[in-house]
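Asks: Prediction below, plus the sequence it came from.
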Amino acid sequence: MTGKFTLASLAMAAAIFAAPAQPPTEFSGVITDTMCGARPHSAMMKDKTDADCVRICARGSSAYALLSGGSVMKLSDQKTTAKYAGQKVRVTGMYDEKSKTLRVVSIAPEN
């Protein structure tokens, strides 16, 4: 029975890994942070720019996120994202619904 279980387990694992991976999708939006989200940054810090507010919030317990179509998605690449704080960007990646995180493949300023 152990041999059958092992073969069945291997077959199931092969089927899972053979399933097509989610292709990257392009998202457009503004780099924000998970604390402010879709709210205006001017409400948080009246004497700072949006970019300053995003950077300050992301240094604390919040993270960089993409505000796109009313949705706020945490970004997996916090280091690269930092230089785009408060800017309109295009992010290519895969959205993971379970972790509510956009796994970043690439990011570029939107023209």
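Replies: Looks like it came in fine. Residues are numbered from 1 along each chain as shown.

Asks: Backbone dihedrals for Val54, both of them.
Replies: phi -60, psi -50 (degrees, to the nearest 10).

Asks: For it, give its distance to Lys98.
Replies: For Val54, the distance to Lys98 equals 25 Å [C-beta to C-beta, to the nearest Å]. Every residue, glycine included, has its C-beta placed from N, CA and C.

Asks: With Met73 instead?
Replies: In terms of C-beta to C-beta, Met73 sits 13 Å off from Lys98.

Asks: Specify which residue of those two has the higher count of neighbours.
Replies: Each of Met73 and Lys98 has its neighbours counted (other C-beta atoms under 10 Å); Met73 has more, 21 against 5.

Asks: Identify the residue nearest that one in space, chain neighbours excluded?
Replies: Once flanking residues are discounted, Met73 sits nearest to Leu102: 4.3 Å by C-beta to C-beta, 6 or more residues apart in numbering.

Asks: got it, and Ile31?
Replies: Using C-beta to C-beta, 6+ apart, the nearest residue to Ile31 is Tyr84, at 4.6 Å.

Asks: what does Met35 give?
Replies: Closest to Met35 by C-beta to C-beta, 6+ apart is Ser62, at 3.9 Å.
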